[in-house]
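[1] Need the 3D shape of this:
(one chain, ligands or ions: 1)
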Amino acid sequence: MTAEIHHLPLARPEPGQLTQVADRLYWLRMPLPYQLNHINLWLAEDDDGWTLVDCGIKIDDVMAIWDELFAGPLSAKPLKRIICTHCHPDHMGLAGWLLARTGAEFVTTRAEWAMGRLFSMQDAFDADLYRRHFNECGCGDEISKMGADRFAGTHKIYSTVPTRFTSVRAGATLAMGGHDWRVIIGLGHAFEQACLYSATLNILIAGDQILPRITPAILIHGNNPNGNPLDDFLESNRGFRDLPGDVTVLPSHNLPFTGMHRRLDEYDAHHAERLEETLRICAEPTHAFEVSTKLFKRDLSDHHLFFALGETLAHLRYLEAQGRMVKSDSGGVVLHTAN
Ligand SMILES: [Zn+2]
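    Okay, the predicted model is just below:
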């Protein structure tokens with residue numbers, strides 16, 4: 001029987017405030033302009049400066065909070081290093097801006113650096129390719145154009161991701177806040193997400209790989225339709241099962257918690273259920289957009305519509321790779337049928 005999920009009895013920090021979570025380790029929150037309205041960042045304190053884990057998205061509110069932090073709690077010592085768990089804009093969006101301001105070292109994995117650098121550039125997303133992709137999913141012209149336009153604007157929530165970085169890979173050790181942290185790589189949500197585990201603190205900084213209340217988004221996008229991120233996610237999560245049952249998880253969203261193994265079990269069960277539901281929906285040939293509206297039985301805002309579609313594609317692709325789903329073409333729209 002694995003331990004239940006418990007949140008730590010810590011007050012969530014107000015914007016611009018630091019909450020101590022462990023020896024020389026602090027938690028701060030930055031706003032996000034979405035329904036998921038915040039991201040957690042982590043700061044480790046050494047005698048010669050701070051190490052920051054993740055940066056926040058590039059919007060004025062977040063930059064204003066950083067200004068307050070540099071004028072207040074962080075004024076006594078330099079920000080000497082920035083570690084990004086992965087390239088998504090809420091994590092890496094302000095890396096370039098913070099580096100230009102502080103001269104900090106920029107640390108991430110090779111794949112996250114490369115993809116973040118790409119996403120921060122205009123024209124990273126081929127609008128025609130995305131429009132075609134959404135049309136093939138059965139979205140129709142209007143939604144396909146909306147989706148293509150949405151992705152084409154991604155670079156606006158990034159400052160330019162730095163050209164120079166220090167790469168880390170699985171098993172690397174980083175010292176911060178007087179403790180050693182081992183890099184454990186999580187796949188599926190991002191490309192090569194760096195999670196950090198300290199054995200002396202028994203704490204895992206989990207990025208978006210392991211979250212307490214929401215399931216990490218596992219998405220297929222138009223640029224890599226034949227990837228299998230759900231398989232990547234479920235397989236790489238096995239690498240976290242060796243951690244102690246009472247490990248404290250510091251997630252990028254919601255509250256720090258214990259009960260990680262239970263959470264991993266819940267992910268397995270959640271995706272198994274969703275795969276079965278996908279098979280039922282595809283008893284008859286069905287396009288991905290229709291599958292997504294049946295799988296996600298709620299009103300989908302523009303933002304969530306494309307998340308739901310990306311998740312649906314990840315489940316369809318997982319089943320296809322197992323030979324349990326087949327694709328066919330109907331006038332330029334791809335139909336999926338349970339095999
Ligand atoms: Zn993410």
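[2] how about low-confidence regions in the protein?
    1, 299 (pLDDT under 70).
[3] Mind naming the longest helix for it?
    helix 260-281 (DSSP state H).
[4] Show me what that one packs onto, helices and strands only.
    helix 229-237, helix 288-295, helix 302-321 (3 or more C-beta pairs under 8 Å, 6 or more residues apart in numbering; DSSP states H and E). All C-beta atoms are positioned from the backbone trio N, CA, C, and that covers glycine.
[5] In TSV, list these along with distance to the ion.
    Converted to TSV, the helices and strands packed on helix 260-281 look like this (distance: least, C-beta to the ion, whole Å):
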stretch	distance to the ion
helix 229-237	12
helix 288-295	20
helix 302-321	11
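[6] JSON lines for these, including distance to Cys137?
    Formatted as JSON lines, these follow (distance: least, C-beta to C-beta, whole Å):
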{"stretch": "helix 229-237", "distance to Cys137": "16"}
{"stretch": "helix 288-295", "distance to Cys137": "4"}
{"stretch": "helix 302-321", "distance to Cys137": "6"}
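[7] Turn these into a markdown table, columns for mean neighbour count.
    Converted to a markdown table, the helices and strands packed on helix 260-281 look like this (neighbours: other C-beta atoms under 10 Å):
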| stretch | mean neighbour count |
| --- | --- |
| helix 229-237 | 20 |
| helix 288-295 | 21 |
| helix 302-321 | 21 |
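[8] which stretch among the ones you listed comes nearest Ser144?
    Ser144 lies closest to helix 288-295 among those, at 9.5 Å (C-beta to C-beta).
[9] quick one: the closest one to helix 302-321, angle?
    100 degrees (axes from the mean of the first three to the mean of the last three C-alpha atoms, to 10 degrees).
[10] Next, the angle from helix 288-295 to helix 260-281.
    120 degrees.
[11] pretty sure Ile218 is in contact with Ala190, am I right?
    No: with contact defined as C-beta atoms under 8 Å, Ile218 does not reach Ala190; the gap is 10.1 Å.
[12] now the end-to-end length of stretch 38-52.
    Terminal residues of stretch 38-52 lie 17 Å apart, using C-alpha to C-alpha, to the nearest Å.
[13] ok, now stretch 328-339?
    End residues of stretch 328-339 are separated by 12 Å (C-alpha to C-alpha).
[14] same check, this time on stretch 188-196
    17 Å.
[15] returning to what we had before: who has more neighbours out of Ile218 and Ala190?
    Between Ile218 and Ala190, Ala190 has the larger neighbour count (other C-beta atoms under 10 Å), namely 28 against 23.
[16] What values do phi and psi take at the more buried one?
    The phi/psi pair for Ala190 (degrees, to the nearest 10) reads phi -120, psi -160.
[17] for Leu99, same thing?
    Dihedral angles (degrees, to the nearest 10) for Leu99: phi -70, psi -40.
[18] From Phe165, how far off is it?
    According to C-beta to C-beta, to the nearest Å, Leu99 and Phe165 sit 10 Å apart.
[19] Common neighbours of those two, please.
    Phe106 (C-beta atoms under 8 Å, 6 or more residues apart in numbering).
[20] residue contacts, the closest residue to the ion within the stretch 1-150 of the chain?
    Residue nearest to the ion within the stretch 1-150 of the chain (C-beta to the ion): His88, separated by 3.5 Å. Listed by C-beta under 8 Å, 6+ apart, the contact partners of His88 are 190, 208.
[21] do the one 3 residues further on as well
    His91 is in contact with 39, 54-55, 84-85, 207-208, 252, counting by C-beta under 8 Å, 6+ apart.
[22] let's see 7 Å
    54-55, 84-85, 252 (C-beta atoms under 7 Å, 6 or more residues apart in numbering).
[23] Flag every residue of the protein that's near the ion.
    88, 208 (C-beta under 5 Å from the ion).
[24] one more time with 6 Å, if that's ok
    86, 88, 189-190, 208 (C-beta under 6 Å from the ion).
[25] Which one of those residues is nearest to Ala172?
    His86 (15.4 Å).
[26] Phi, psi for Ile185 please.
    phi -90, psi 130.
[27] so it touches Ala172, yeah?
    No: judged on C-beta atoms under 7 Å, Ile185 makes no contact with Ala172 at a distance of 9.8 Å.
[28] Which residue of these two possesses the greater neighbour count?
    The neighbour comparison of Ile185 against Ala172 (other C-beta under 10 Å) goes to Ile185, with 21 against 17.
[29] That one: what's it in contact with?
    Contacts of Ile185 by C-beta under 7 Å, 6+ apart are 170, 192-194, 236.
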